[in-house]
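J.: sequence isn't available, so here's the structure alone:
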Ligand SMILES: [Zn+2]
């Protein structure tokens, strides 16, 4: 278990309590000092979350909610940035806030996140509970949703931009799809090839209107859609058509 040098150092360490005469097996994750699968699992999950590969600030209790900022002696109000009704802690941001509830509804995750099994303990407890019971695709969608909720909260704080719940719901799908695609490519050792040519929209010549067109053909359904956008010499929007 240990190298020879470490064993020597352990044996050479003086015991503080003189009454201790014999070595004892102790599992410090339980009050009764006996190992249990549950506490072993929780310890393993904490180690995974703390490792460099899985820097999840939410489960490490490091997200800068107002409650946490106050605990760190930052002077600020405690009420939620978004709803201004309740105290802004981790649970409120991801479970209780009206914005979080609307976003999870659009993302199709209300039923899961309202499940009675995930209404107790810290956010980390709830997330680990879901990790134990749900499949990885569902966990991926929840993670994407939480990321989007936090991202949009910051959008409001720093840019005074308040995306609608339906925008956040759509963004959750986009984030999850991107993550899933990259993950699949990595699993099959496929390196995504990026086009080396930078594609940039350019303004039209003086006196001209530029029209950009995009068309979609949906195979099998017979549906075709089209969008047109007209901009002037300064790049200002003139007209649109779908
Ligand atoms: Zn709120």
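T.: Sure, I can see it. Every value quoted in this text rests on a predicted model; they were computed, and no experiment measured them.
J.: what pLDDT does residue 45 get?
T.: pLDDT recorded at residue 45 is 69.
J.: same deal with the one 10 residues further on?
T.: Taken from the predicted model, the pLDDT recorded for residue 55 is 49.
J.: what's the answer for the one 10 residues further on, then?
T.: As predicted, residue 65 sits at a pLDDT of 91.
J.: ok, it - contacts?
T.: Listed by Cβ atoms under 8 Å, 6 or more residues apart in numbering, the contact set of residue 65 reads 88, 89, 90, 92, 93. To be clear about C-beta, it is placed using only N, CA and C from the backbone, and glycine gets the same treatment.
J.: ok, now with 6 Å
T.: 88, 89, 90, 93 (Cβ atoms under 6 Å, 6 or more residues apart in numbering).
J.: I'd like those residues written out as TSV, with pLDDT and neighbour count added.
T.: As requested, the contacts of residue 65 are arranged in TSV below (pLDDT from 0 to 100; neighbours: other Cβ atoms under 10 Å):
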residue	pLDDT	neighbour count
88	94	26
89	93	20
90	92	20
93	93	25
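J.: in three-state terms, how would residue 229 be classified?
T.: When classified by DSSP: H, G, I helix; E, B strand; the rest coil, residue 229 comes out as strand.
J.: downstream of the helix or strand of the chain with the lowest mean pLDDT, the next helix or strand is which one?
T.: Across the helices and strands of the chain, mean confidence by mean pLDDT, DSSP states H and E is lowest for helix 37-50: a mean of 73. Downstream of helix 37-50, the first helix or strand assigned by DSSP states H and E is helix 66-71.
J.: point out the residues in this structure that sit beside the ion.
T.: By the criterion of Cβ under 5 Å from the ion, the positions of the chain lying close to the ion are 80, 82, 83, 97.
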